[in-house]
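Chemist: mind folding the following:
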Amino acid sequence: MNREEFEHAFRSHYSQLVSYVRTMVADEEECHDIVGMAFEGVWKNLDRIDTSTLRGYLYSSAHHLAINRLRKQKLHQQYVDYYRNNAVTAFTDEALQAYDERMAMAMKVVDTLKEPTRTILICCYIDGKMYREVAEEMGVSVSMIKKHIGKALKTLDEFRQKMLKS
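Modeler: The predicted structure is shown next:
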């Protein structure tokens, strides 16, 4: 296919392709963009495209481009809906205040723990240290660290259960 044949094909098929794509895509400007991309694909492969199959190639290309555009729009809309429903409500002032209140109450419970349980819990869960690391620092075994963590988590769970009941 040469440049003249391409220009003839463009003039012959452009408006029909736009009408075809319009049956799938509502936005007129997007229809023109999709048809333009289909012709761009022909232009890039000018030397490999047979003029006898050009019409079918253009319709197939425009169809696939329109479907891909619709898929992207649907996925984008799903993300928008998700964030509109979840992310916005998750960070309201009330939600943040409730979280801060729960954390303050939990820290009061942590403060009531006996030593070394309190220190071990803080090192592992607040400071983010590994059990092995805390065991080495304190000169005790990892199983002893696990025992104290279990005791602390049990106390926190009891507190959580009380909070749920009230």
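
Chemist: and the helices in the chain?
Modeler: 3-22, 28-44, 54-82, 88-90, 93-112, 117-121, 131-138, 142-165 (DSSP state H).

Chemist: where does the prediction get shaky in the protein?
Modeler: For the chain, the stretches flagged by pLDDT under 70 are 87-91, 166.

Chemist: which of the helices of the chain sits most buried?
Modeler: Highest mean neighbour count among these (mean count of other CB atoms under 10 Å): helix 117-121, with a mean of 19. Backbone N, C-alpha and C define where each C-beta goes, glycine included.

Chemist: helices or strands up against that helix?
Modeler: Using 3 or more CB pairs under 8 Å, 6 or more residues apart in numbering; DSSP states H and E as the contact test, the elements touching helix 117-121 are helix 93-112, helix 131-138, helix 142-165.

Chemist: just put these in CSV and tack on distance to Arg84.
Modeler: Shown next, in CSV, are the helices and strands packed on helix 117-121 (distance: least, CB to CB, whole Å):
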stretch, distance to Arg84
helix 93-112, 16
helix 131-138, 41
helix 142-165, 29
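
Chemist: among those, which comes closest to Val18?
Modeler: helix 93-112 (48.1 Å; CB to CB).

Chemist: outside of the closest one, which residues touch it?
Modeler: 89, 118, 121-122, 152, 155-156, 159, 163 (CB atoms under 8 Å, 6 or more residues apart in numbering).

Chemist: tabulate those residues (TSV), appending distance to Glu4.
Modeler: Shown next, in TSV, are the contacts of helix 93-112 (distance: CB to CB, whole Å):
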residue	distance to Glu4
Thr89	60
Arg118	85
Leu121	80
Ile122	79
Ala152	82
Thr155	84
Leu156	79
Phe159	82
Met163	79
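
Chemist: contact partners for Val35?
Modeler: 14, 17-18, 21, 62.

Chemist: which single one of those is nearest to Gln77?
Modeler: Val21 (19.6 Å).

Chemist: ok, the nearest residue to that closest one once chain neighbours are set aside to His64 distance?
Modeler: Counting by CB to CB, 6 or more residues apart in numbering, Val21 lies nearest to Cys31, which is 4.4 Å off, once chain neighbours are set aside. As judged by CB to CB, to the nearest Å, Cys31 and His64 stand 14 Å apart.

Chemist: that older thread, format the contacts of Val35 as CSV; extra columns: distance to Ile126.
Modeler: Listed next are the contacts of Val35 as CSV, based on distance: CB to CB, whole Å:
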residue, distance to Ile126
Tyr14, 65
Leu17, 63
Val18, 62
Val21, 58
Ala62, 58
